[in-house]
Every structure is written in structure tokens, then in C-alpha cells.
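Participant: A predicted structure for the sequence below; I have some questions about it.
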Amino acid sequence: MADINSSFAAIEKKGFLDIDIDPTIDLFAEIENLKKEKNAIILAHYYQEPDIQDVADYIGDSLGLAQQAEKTQADIIVFAGVHFMAETAKILNPSKKVLLPDMNAGCSLSDSAPPALFKLFKEKHPKHKVITYINCSAGIKALSDIICTSSNAQKIVESLPADQPIIFAPDKNLGAYINKQTGRNMILWNGACMVHEIFSLEKIIRLKIRHPEAKIIAHPECEEAILKTADFIGSTTGLLKFTKTDSATIYIVATETGILHQMQKESPDKTFIPAPPDNSCACNDCPHMKLNTLEKLYLCLKYEAPEIQMDEQLRLEAKKPIDEMLKISAYYGL
Ligand code: 13P
Ligand code: SF4
């Protein structure tokens, strides 16, 4: 068993606290007590494991989480999501302590756009405005004009004049989808999400043949071939809302499987089938999101580590395009 001091020292290497937890304690109750004692809030993304979603104060998509992070009065934000999300919370609310249960919780999409390369790319297109999906590092945000999420991307793009040339990064699938929706011709950075790129069209079609009454719903990070089969396309919050209000009773869900927990909770009488990936698994988990566990969340809240730290100059530069996004979103009531 590691002692507390060596565990703290190991955070840099391991990315999380590694301390044995008394197996007899009720983690749910302990987390509730710690939240009250420390005036802490847990913000969780829909892709987190069900136990984490159940202890969260707010569960949402990337836009909702950023909005909550900006306005919270809590002293501590425990961000149950991936690094770019916790970093965004710190950018928006620097006086708060922002904790991430596992610092290794990255994102393949964010990693696909290294700031140094992106800077060169941007320099080749000096007349272009840069609209960047929130799934990127602070370094990329600092090089952007406006940030967007999957729930506001279309409105953000349409907020610029029709003849304004645009670079859209880092997700080529979301960018291609928005190009189609808006009739624009944005230049797309060649990035993608590892989770949304591996759905099997063939297996989805086979599922649809077995369940002809099922509706296919998909996240816009999916490839075009998958999106073409979809009855509805939306952000995680958009997909969840759709399944609550739509009349179908069975859905094939082409996004990360964590969202099924809320879908099932909100519509207990409906059936949700995770769209299968192009491998031997039956469902599609994000390995980054799933690095966070209830145990790591408990330790992180108890010992207030690992904590997001940021260079102040970078934070200020990265904040401008996020503020722009929040302003446009508020204008449209998003
Ligand atoms: P949204 O929840 O904003 O739709 O984003 C999905 C996603 O991939 C987050 O990493
Ligand atoms: Fe990144 Fe995709 Fe995982 Fe979201 S689901 S955190 S975009 S790798």
C-alpha cells in the first residue's frame, strides 16, 4: 500500500492518487459528505460510468458543462470528464480549484491537433477565421476565433457572414456535417474521435433489419456513412432529449455507451441498443472517459488532487474564443 506522501509524489507519473480505500466505506455517502464539507460540485459528462453520473450535481454535454463551470459558486469543481473539459472549466473560472480524477483522461480528437502544427496551418490561410470544436487543448483554443460544441456548431458557423472563409478544427466529421447543413465550404483539419470513427455500418444495418421499428440516432462526430442512416443527429444532450420526446420505443444509439444510462433512466420503458463498433465488442466505450472511476473521484475530492494548473497568459488567450461562444449561445438561448 502506498502512503499518502508517496502517492502525492506519484501523481505526476501516474496521473491519479493511488491510495488504498477502506473496502467497508460507502463511497456514495462519503462523496456526498465531502461535497458538503468542502463546498464542492461534481460536473460529469454523459460518457462517465453510471456510478459517477449518479453522484454528479450536474450531468451534461460539453456546452452545458462549460456553462455550469462558468457560473458555479462552489469552491471546488471536480470534473468527471476528460482533460480538455476540466481545462475549459479552469479557463472560465480560474479562482476555483478544478480537479480531474485521472489526469491521463485525454482525448484522441484533442491530440489530433498539436498547437505548433495548427499554427503553421493557420498561417497558410491568413484570411480565414478559425472555428474550433471545444475538444481541443488550451493551446489550440488560444489560436481560435470562436469555440463551438456539437450542440451550437451550426449556429456559431452561421453567425459569420456567408462569404467569410473559415477553418474548422479539429473534427473533420463534425466539420463535414456542418458544411452540409450550412452550405459552407470550410477547410477542415484532419482530426477525428477514435470512438465515433469505429462504428460498423454493416452491423448497424443488420441491427436495423432485426429491429425495423428502431430509430437510429447518431452523434455528429460519426462518419458520413453512419450519419446518412440516422433518423436523428445531435449532441449528447440533443440525443437524450430526442429519445424522451420522440414516439419510437427502440433506438440504436451511435455514440459512446455512457449516455445509455441517462436514456434508460429518463425513458425506462424504451429499449436502447448501443451501435456496435467494427471489432469484436458489442458496444463502444471511450477509453479516456472511462479512466475515471468512483474510487478515483472519491480520492480526488478527499485529497484535492490531481489539480488543473494553467499558465495565466495562455488561459487569457484561450478564454476569448470560449467567451465568444458563450455569448453567441446565450443570444440564441442555447
Ligand atoms: P457532446 O457531449 O458535447 O455532444 O460531446 C461529445 C464528446 O465526444 C465529448 O467528448
Ligand atoms: Fe475524445 Fe471521442 Fe473520447 Fe469524446 S469520446 S473524449 S471526442 S476520444
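Facilitator: Perfect, thanks for sending it. Ligands and ions are numbered 1, 2, ... in the order given.
Participant: contacts and neighbour counts: CA atoms only from here.
Facilitator: OK.
Participant: what sits against the residue nearest the centre of the chain?
Facilitator: Nearest residue to the geometric centre of the chain (C-alpha atoms, centre = their mean): Ser62, 5.0 Å. By C-alpha atoms under 8 Å, 6 or more residues apart in numbering, Ser62 lies in contact with 45, 85, 134, 149-150.
Participant: pLDDT at it, what is it?
Facilitator: What the model reports as pLDDT for Ser62 is 96.
Participant: against ligand 1, how distant is it?
Facilitator: 4 Å (C-alpha to the nearest ligand atom, to the nearest Å).
Participant: and of the contacts of Ser62, the nearest to Asp311?
Facilitator: Met85 (16.4 Å; C-alpha to C-alpha).
Participant: tell me how far that closest one lies from ligand 1.
Facilitator: 8 Å.
Participant: now swap in Tyr251 and tell me
Facilitator: Counting by C-alpha to the nearest ligand atom, the gap from Tyr251 to ligand 1 is 17 Å.
Participant: begin at 508 from here
Facilitator: Sure thing, new numbering starts at 508, so read that last one as Tyr758.
Participant: which SSE is that residue in?
Facilitator: If you go by DSSP states H and E, Tyr758 is part of strand 757-761.
Participant: alpha carbons only: can I get that strand in PDB?
Facilitator: Extracted in PDB, the C-alpha atoms of strand 757-761 (Å, rounded to 0.1, in the frame of the first residue of the first chain):
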ATOM      1  CA  ILE A 757     -36.500   1.400 -29.600                       C
ATOM      2  CA  TYR A 758     -33.300   3.200 -30.600                       C
ATOM      3  CA  ILE A 759     -29.900   2.200 -32.000                       C
ATOM      4  CA  VAL A 760     -27.500   4.700 -30.400                       C
ATOM      5  CA  ALA A 761     -24.400   5.600 -32.300                       C
END
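Participant: which residue sits closest to Leu801, ignoring its sequence neighbours?
Facilitator: Sequence neighbours aside, Ile559 is the residue nearest to Leu801 in space, at 5.8 Å (criterion: C-alpha to C-alpha, 6 or more residues apart in numbering).
Participant: ok, that neighbour - how many residues close by?
Facilitator: For Ile559, the neighbour count with other C-alpha atoms under 10 Å is 24.
Participant: cheers, nothing more for now.
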